[in-house]
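> All I have is the shape, not the residue letters:
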């Protein structure tokens with residue numbers, strides 16, 4: 001059971017990194033990770049995307 005939890009956390013590592021960094025494309029990274037993460041190439045793409053420079057979110061008055 002613990003191994004399954006560890007594998008799930010490892011599988012979604014790019015998503016966690018994107019969320020922790022406040023990446024502006026975090027949801028897109030999550031979808032890429034969810035749908036293509038089972039392929040090694042998809043997981044690597046999501047990981048690289050999650051650690052790339054992210055634009056700070058700009059709040060507008062409204």
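Received the coordinates, thanks. No experiment lies behind these values; they were computed from the predicted model shown. Residues are numbered from 1 along each chain as shown.

> and stretch 34-48, average pLDDT?
In this model, stretch 34-48 has an average pLDDT of 95.

> From start to finish, how long is it in a straight line?
With C-alpha to C-alpha, to the nearest Å as the measure, stretch 34-48 spans 15 Å from end to end.

> So which residues of the chain form helices?
2-11, 13-21, 26-36, 40-51 (DSSP state H).

> Go through those and name the closest to residue 61.
With C-beta to C-beta as the criterion, residue 61 lies closest to helix 26-36 of those, at 23.7 Å. Yep, even glycine has a C-beta here, placed from its N, CA and C like the rest.

> still on that earlier bit, and of the helices of the chain, who's closest to residue 60?
Smallest distance to residue 60 across the helices of the chain (C-beta to C-beta): 19.4 Å, for helix 26-36.

> contact partners of that closest one?
For helix 26-36, contacts defined as C-beta atoms under 8 Å, 6 or more residues apart in numbering pick out 11-12, 14-15, 18-19, 23, 42-43, 45-46, 49-50.

> Turn the buried ones among the residues you listed into a named ChimeraX selection, would you?
Paste this into ChimeraX to select the buried members of the contacts of helix 26-36, with burial taken from 16 or more other C-beta atoms under 10 Å:
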select :12,14,15,18,23,42,43,45,46,49,50
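
> In JSON lines, list the helices of the chain along with distance to residue 59.
JSON lines is the format used below for the helices of the chain (distance: least, C-beta to C-beta, whole Å):
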{"stretch": "helix 2-11", "distance to residue 59": "31"}
{"stretch": "helix 13-21", "distance to residue 59": "18"}
{"stretch": "helix 26-36", "distance to residue 59": "17"}
{"stretch": "helix 40-51", "distance to residue 59": "23"}
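
> OK, contacts around the most centrally placed residue in the chain?
When C-alpha atoms, centre = their mean is applied to the chain, the residue found nearest the centroid is residue 15 (2.1 Å). Counting by C-beta under 8 Å, 6+ apart, residue 15 makes contact with 26, 29, 30, 33, 46, 50.

> Right, I'll call it a day here.
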